[in-house]
Structures are given as structure tokens and as C-alpha cells.
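1. This is a predicted model, with the sequence first.
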Amino acid sequence: MFGVGTIGSLGGAAVPGTASLDPAAIALFARMTSQPTPTRMALINTMIVSLKGAGLWSTSDAIWVMAAADSQAMTLNWVQNLYNLTPVNSPTFVVDRGVSGDGSTSYLNTGLSPGAGGLQYSTNSCHMSCYVRTSRAANSVYDMGFYDGSSATAIVPFDASNNFSRFCDDISGLTQPSPGSTGLFSVDRDNSANFRGYIRGASETVSVSSSIAPVGTAPVYICGINLGGTPTLSTDQIAFGRVGSQASAAQEAQLYSIVQAYMTGVGANV
């Protein structure tokens, strides 16, 4: 499918040939129905190499980039050919921007169930993040997560001027001042006693909250939350998501920088 050599250039900027592409990027391109342009190949390759360099690739169960060239590429889990996104009731996809639900019936099902086990994500070493593009007034809107009746992980970017998150716990939440509804929102847990929240790679806040192991097979939803089997949905446009084992404070800063670079490359940055 790919020949060895120089792929090309755009605007005088060289883009790599297959010989210089990361094997994970080549594997991802092989799963795309329509091949990316040389410029997009370079963006994707740079993001993958950067994630590997930051130690964030091997610790990921899934990385979804919904700010994609087409609706098929949007569904792909970059890390492995598992947990590819399933659109439910036709959420709206916009090229190089992301996916938004209708707040009522449409969302993305990741098929990734933290309670099923066998994941990088585990009760006391877990991470979830999403990149939100919708600028809106404060509202209690879940943009990503699940609740299985025992354990919850959820991200609410902008609730009454705060970011609100729950992570591998039951009812305890982390509230931290939010500069708005847009950008990268992340939560991490690396112990049984508390978890940490980040907004745009910074603003770490710690919540004292004992962990509760996920149970059952409730999958994570994007453009909303799987609330005990009932979708509770958002109209926000989501451009990126990640699930995996915990990231350190330094890695959170790196993740934001890496994701923001890609979003800037396709014009989706906020």
C-alpha cells in the first residue's frame, strides 16, 4: 500500500516517506479507507512519535482523534484495532473539527468497558481525557464517561464556572475553577486515596476520594456519559479522547502540548 521514498511536500515543508514513518502510523494508515494526504500523514506520525516519547502511547488503551479527515478515520482507535468508535443515532461529524451529539439520542460508544479488566486502565492507575471545542455557558453537561452502578468516571468541563470530574469512585467529585468549556480536560488516579484533575495540561487539583473498582461491562461514551446503561448526553463538539493508565503531572503537560499541536495543524485548536 505504501512505497518507500519521499511522499511529498506542501508549501515548501517536507513530509516524510514511508521509511521515516513510525510503524504504528503505518499500521493506522492501513486501517483507513481513504489514505491521508502527505501533510496529514506527517501530522499523525508526529503525534504518535511524540506520544511514544512522552511514555503515553504504550500506556493507552485507546486514543481517538475525531478531528479527522473523514467519518471512517474518525472512528479509529489509533493504538490498536479494538475499541473503535460506534456512532449511535447519527452524531454530527465535521471534517477536521470533531463530533457532536444532539443532547438527546446521539453519541459515540467506545466499546471500552473499564470493568471488564485486561486494560492499561485499572482501578488505581487510570486516565481519561477529552478535548472539547464548544464554547458555551456553564452547564452540568457530561462529555465523556461511564457509571456502572458502583464506580463512575466522568468529565464535566464547565459546571457553574468550574470543571467537575469523578474518577473511579462513587459520589465524590473534583471541582476546580475552569477558564471555560473548551480545551483538554483530564483526570488521573495513581492511588486508592485520591485523584487529580487537569485543564489544558495544568491547574492540578487533588480530590480526596477512595477508589472503587469498576464492575460489569458498561462502556465509556463520548458526547455524553453512560449513566448506568442510560445515555445522558451533550451537544458539545469533541475532537479527541484517551483512556489508559495514569499520567503524571509532567505527562499531562506533554499530552496537552501534543494534542494542541495536532489540533493547530488541522485548524481545530481552541
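-> Looks like it arrived, so ask away.
2. Packing partners of the longest helix belonging to the chain?
-> When the chain is parsed with DSSP state H, its longest helix is helix 249-266. Packed against helix 249-266 by the contact rule (3 or more CB pairs under 8 Å, 6 or more residues apart in numbering; DSSP states H and E) you find helix 38-53, strand 126-132, strand 183-189, strand 194-199, strand 202-208, strand 237-244. Every C-beta, even on glycine, is put in place using the N, C-alpha and C of the backbone.
3. gap between that helix and the chain center?
-> The chain centre lies 12 Å from the centre of helix 249-266; the measure is CA atoms, centre = their mean, to the nearest Å.
4. likewise stretch 70-82?
-> Chain-centre distance of stretch 70-82: 12 Å, with CA atoms, centre = their mean.
5. Quick check: buried residues in that stretch?
-> Neighbour counts over stretch 70-82 (16 or more other CB atoms under 10 Å) mark 73, 74, 75, 76, 77, 78, 79 as buried.
6. okay, and for the stretch 101-250 of the chain, where does confidence drop off?
-> For the stretch 101-250 of the chain, the stretches with pLDDT under 70 are 138, 159-174, 176-177, 204.
7. Hmm, residue 114 is touching residue 126, no?
-> Yes. If you go by CB atoms under 8 Å, residue 114 and residue 126 touch, sitting 7.3 Å apart.
8. check contacts around the nearest residue to residue 108 once chain neighbours are set aside.
-> In this structure, residue 108 finds its nearest non-sequential neighbour in residue 222, 4.1 Å apart by CB to CB, 6 or more residues apart in numbering. By CB atoms under 8 Å, 6 or more residues apart in numbering, the residues touching residue 222 are 64, 66, 85, 99, 107, 108, 110, 130, 143, 144, 238, 241.
9. Report the two of the residues you listed separated the most.
-> Spatial extent of those (CB to CB) is set by the pair 85 and 143 at 14.4 Å.
10. Between those two, which is the more surrounded one?
-> More crowded of residue 85 and residue 143, by other CB atoms under 10 Å: residue 143, with 28 against 23.
11. how far away is that one from residue 54?
-> As for residue 143, its distance to residue 54 is 23 Å (criterion: CB to CB, to the nearest Å).
12. and what of residue 102?
-> Per CB to CB, residue 102 is found 35 Å from residue 54.
13. who has more neighbours, these two?
-> Neighbours per residue (other CB under 10 Å) separate residue 102 from residue 54, with residue 54 holding more: 19 against 15.
14. mind checking how far that one is from residue 256?
-> Where residue 256 is concerned, residue 54 sits at a distance of 11 Å (CB to CB).
15. now residue 23
-> Remark: distance between residue 23 and residue 256 (CB to CB) = 26 Å.
16. Pick out whichever of those two has more residues nearby.
-> Set side by side, residue 23 and residue 256 show more neighbours around residue 256, with 20 against 8, by other CB under 10 Å.
17. give the contact list for the more buried one.
-> Residues near residue 256 by CB under 8 Å, 6+ apart: 183, 184, 198, 200, 201, 202.
18. Weed out the non-buried ones from those.
-> 183, 184, 198, 200, 201.
19. follow-up on the earlier one: in the longest helix of the chain, which residues are buried?
-> By 16+ other CB under 10 Å, the buried positions in helix 249-266 come out as 251-256, 258-260, 262-263, 265-266.
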